[in-house]
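**Student:** Predicted coordinates and the sequence they were generated for:
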Amino acid sequence: KKILDQDLNKEYLGISGLPAFVKLSLEFAYGINSVPLKEGRVAGVQTLSGTGACRLAGEFLNRFSLSKNNAIYQPNPTW
């Protein structure tokens, strides 16, 4: 009853994640005084897992042809 009375939001996050988390993560990674960050030249998203992040990076590289012949090199084993 206590949990139900709190009327907590149990919806999934949007496709790019929790905006406040992404913002703070970028500030942590690049520094709060980062010029590219302040100028809006850095983008970030929150992914479900390392595998999800790798998939998202691969899709990004493929879509914008940022890799010669769309090649992605990975070690063996891939972990």
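**Tutor:** In hand now; what should we look at?

**Student:** C-alpha only now, for contacts and for neighbours.
**Tutor:** Will do.

**Student:** In this structure residue 47 contacts residue 18, no?
**Tutor:** No: in this structure, residue 47 is not within contact of residue 18 by Cα atoms under 8 Å, at 9.9 Å.

**Student:** So the two - more neighbours on which side?
**Tutor:** Remark: of residue 47 and residue 18, residue 47 carries more neighbours, 17 against 14, as counted by other Cα atoms under 10 Å.

**Student:** what separates the more buried one from residue 2, distance-wise?
**Tutor:** Residue 47 sits at a distance of 31 Å from residue 2 (criterion: Cα to Cα, to the nearest Å).

**Student:** repeat for residue 17
**Tutor:** Computed with Cα to Cα, the distance linking residue 17 and residue 2 is 28 Å.

**Student:** quick one, which of these two is more surrounded?
**Tutor:** Taking neighbours as other Cα under 10 Å, residue 17 and residue 2 compare with residue 17 leading, 15 against 6.

**Student:** where's the helix of greatest length in the chain relative to the chain centroid, distance-wise?
**Tutor:** Taking DSSP state H as the criterion, the chain has its longest helix at helix 50-63. Taking Cα atoms, centre = their mean, to the nearest Å, one finds the center of helix 50-63 at 10 Å from the center of the full chain.

**Student:** and it, which residues are buried?
**Tutor:** 58, 61, 62 (16 or more other Cα atoms under 10 Å).

**Student:** Kindly report the same for stretch 62-72.
**Tutor:** Under 16+ other Cα under 10 Å, the buried positions of stretch 62-72 are residue 62.

**Student:** C-alpha coordinates for that stretch, CSV please?
**Tutor:** C-alpha atoms of stretch 62-72 as CSV (Å, rounded to 0.1, in the frame of the first residue of the first chain):
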residue,chain,number,x,y,z
ASN,A,62,27.4,3.0,-40.6
ARG,A,63,24.8,5.7,-41.1
PHE,A,64,27.3,8.5,-41.4
SER,A,65,30.0,6.5,-43.2
LEU,A,66,32.6,7.4,-40.7
SER,A,67,34.6,4.3,-41.3
LYS,A,68,36.3,3.3,-44.5
ASN,A,69,34.1,0.7,-46.2
ASN,A,70,32.0,0.7,-43.1
ALA,A,71,34.6,-1.5,-41.4
ILE,A,72,34.6,-1.9,-37.7
